[in-house]
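Undergrad: No letters, just coordinates:
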C-alpha cells in the first residue's frame with residue numbers, strides 16, 4: 001500500500017486517539033489541532049483517509065467519523081517512527097531523533113519492525129538495500145551468523161551482515177567496493193536490531 005504523508009498520518013493518529021477516548025473529533029477540532037486555516041483542509045485529509053479505507057464517515061453527522069470494521073483498528077497496518085539514519089558504507093554518527101511516522105502494511109516485513117531508519121550509502125546494494133531506502137528494524141541484542149543487523153560500533157551506526165567466527169566478529173558489506181569491518185576485542189560494540197524489510201520511496 002502507499003505510505004501516508006506525515007501530516008495525514010498525524011491526522012489519522014489524532015482521530016484514532018479521540019475515537020479510543022470515545023469522542024470522535026469534529027472537522028473544526030481537527031483544524032484547530034493542526035493549525036489549519038479552515039475546516040476545508042481538515043475535510044481534505046478526512047476524505048483522503050476515507051478513500052484509502054482507513055476511515056468511515058456517517059453523512060450529516062458532526063462527529064460521524066468511525067474506524068472501518070465497527071471501530072476495530074486495521075490489523076494489517078503498522079504506524080512506525082522514522083528514527084534518523086543508518087550507514088550502508090562507513091559507519092556514521094547516530095542520528096536517532098523522530099523524523100516522522102508512516103503507516104505501512106505489515107506484510108512488507110518478515111519480522112514486526114519497531115522503527116525505521118533511512119539508509120545512507122551503497123555498501124548493501126547486492127542485498128537490494130539502496131541509498132535512501134527506509135529499513136525496518138526489529139529490536140534485538142542477539143543475532144545469528146549471516147543475519148543482516150543494525151550495529152553500533154564506537155557510537156556509530158551501520159547496517160551490515162554479521163559474521164561470527166572463532167577468529168572474531170566481522171560486519172560484512174554486500175558491495176565489493178567496501179572492505180569488511182573487523183570488530184576489535186573490547187570494542188564498544190552492540191547489536192541494535194535485525195533488518196526485517198524495507199520501504200523504497202519513489
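TA: Good, I have the coordinates. For clarity, every value in this text was computed on a predicted model and none was experimentally measured.
Undergrad: May I have the beta-bridge partners of the closest residue to residue 199 other than its chain neighbours?
TA: Of all residues beyond its chain neighbours, the one nearest residue 199 is residue 134 (4.4 Å), with distances taken as Cβ to Cβ, 6 or more residues apart in numbering. No exception for glycine: its C-beta is placed from N, CA and C like everyone else's. When bridges are taken as DSSP bridges, the partners of residue 134 come out as residue 118, residue 199.
Undergrad: Would you mind measuring from residue 134 to residue 120?
TA: Distance of residue 134 to residue 120, computed by Cβ to Cβ, to the nearest Å: 12 Å.
Undergrad: Then residue 56?
TA: In this structure, residue 56 lies at 40 Å from residue 120, with Cβ to Cβ as the measure.
Undergrad: Repeat that for residue 194.
TA: Between residue 194 and residue 120 the distance, using Cβ to Cβ, works out to 19 Å.
Undergrad: These two: which has the busier surroundings?
TA: For residue 194 versus residue 120, the count of surrounding residues by other Cβ atoms under 10 Å is larger for residue 194: 21 against 18.
Undergrad: Quick one: residues contacting the more buried one.
TA: 111, 137, 138, 140, 143, 147, 148, 149, 150 (Cβ atoms under 8 Å, 6 or more residues apart in numbering).
Undergrad: Do I have it right that the third one meets residue 113?
TA: Right, residue 138. Yes: contact status for residue 138 versus residue 113: in contact at 5.5 Å, counting by Cβ atoms under 8 Å.
Undergrad: From what I see, the residue nearest to residue 199 and residue 81 are in contact.
TA: No: distance between residue 134 and residue 81: 10.8 Å, which falls outside the contact criterion (Cβ under 8 Å).
Undergrad: shared neighbours of those two, anything?
TA: Residues touching both residue 134 and residue 81 by Cβ under 8 Å, 6+ apart: residue 116.
Undergrad: Can you pick out the residue with more neighbours from these two?
TA: Using other Cβ under 10 Å as the criterion, residue 134 and residue 81 rank with residue 134 on top: 23 against 14.
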